[in-house]
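>>> Sequence first, then the predicted structure:
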Amino acid sequence: MDAAFLLKGLAIGFSIAAPVGPIGALCIRRTLTEGRAAGLASGLGAATADMVYGAVAAFGLTAVSGFLVGQQAWFGLVGGVFLLYLGVRTFGAPPAGEATLPSASGLLRAYGSTFVLTLSNPVTILAFAAIFAGLGITTGDDSLSAALLVAGVFLGSAAWWAILSTGVGASRAWFNGAGMRWVNRVAGVVIVAFGVAAVLNVLR
């Protein structure tokens with residue numbers, strides 16, 4: 001049944017997005033400092049990248065996946081350097097006051113940064129392929145089933161980011177100026193640590 005592919009995609013997308021990593025740290029920090037819309041936009045950027053890599057795996061685009069995985073060192077280096085930049089910038093950012101509705105350009109930047117960061121790890125394609133194989137999910141030549149599976153991945157990932165940004169946003173009132181300064185510092189250190197790990201992984 002085609003609907004089963006959508007439901008499976010939902011579960012997979014949610015589980016792929018849920019583990020805490022640099023994108024999670026960015027989403028949490030942006031939600032606290034810039035509001036729920038900025039946090040959700042950050043999450044949707046990651047969800048879109050998950051959808052792209054899920055599509056490569058679901059539609060069996062082996063030439064594309066082979067090229068991307070073959071270039072993973074360069075992707076990893078660029079992503080790692082970008083994380084270092086974001087981490088240092090976040091660490092030194094002044095504490096935010098009341099969160100205000102971000103501009104359209106601000107939301108686009110939040111979306112684009114996490115989209116690029118998530119795309120910088122093409123090994124995600126292999127993760128999707130392994131999950132699909134492990135769960136016995138095969139679409140064959142059925143483009144509709146593959147499309148529903150990919151749509152489910154996006155919706156599942158987006159659901160996680162919506163839950164996270166909403167939950168974190170509800171706690172915004174608990175943080176004063178000093179608290180927000182520590183949010184920036186902790187998030188900056190976490191993001192820098194992931195950036196260092198990404199660069200070292202390429203250089204080793």
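Great, that's in hand.

>>> what's around Arg89, how many residues?
For Arg89, the neighbour count with other C-beta atoms under 10 Å is 12. To be clear about C-beta, it is placed using only N, CA and C from the backbone, and glycine gets the same treatment.

>>> and it, what is it in contact with?
Going by C-beta atoms under 8 Å, 6 or more residues apart in numbering, Arg89 touches Gly188.

>>> change it to 10 Å
By C-beta atoms under 10 Å, 6 or more residues apart in numbering, Arg89 lies in contact with Asn184, Gly188, Ile191.

>>> From the contact counts, what lies against the helix or strand harbouring the first one?
Secondary structure here is read from DSSP states H and E; on that basis Asn184 sits in helix 177-203. Helix 177-203 sits against helix 22-34, helix 72-91, helix 104-119, with contacts defined as 3 or more C-beta pairs under 10 Å, 6 or more residues apart in numbering; DSSP states H and E.

>>> returning to that earlier point: can you list the contacts of Arg89 in TSV and add distance to Thr166, pLDDT and neighbour count?
Output for these, formatted as TSV (distance: C-beta to C-beta, whole Å; pLDDT from 0 to 100; neighbours: other C-beta atoms under 10 Å):
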residue	distance to Thr166	pLDDT	neighbour count
Asn184	21	76	20
Gly188	24	77	20
Ile191	22	79	27
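
>>> Report the helix or strand with the lowest average pLDDT across this structure.
One helix or strand of the chain scores below all others by mean pLDDT, DSSP states H and E: helix 62-70, with a mean of 60.

>>> which stretches of this protein have low pLDDT?
1-2, 60-72, 75-76, 94-102, 122-123, 126, 133-142, 173, 175-179, 202 (pLDDT under 70).

>>> just to revisit the earlier point, go through the contacts of Arg89 and name the one nearest Ile12.
For those, the minimum distance to Ile12 (C-beta to C-beta) is 25.8 Å, reached by Ile191.
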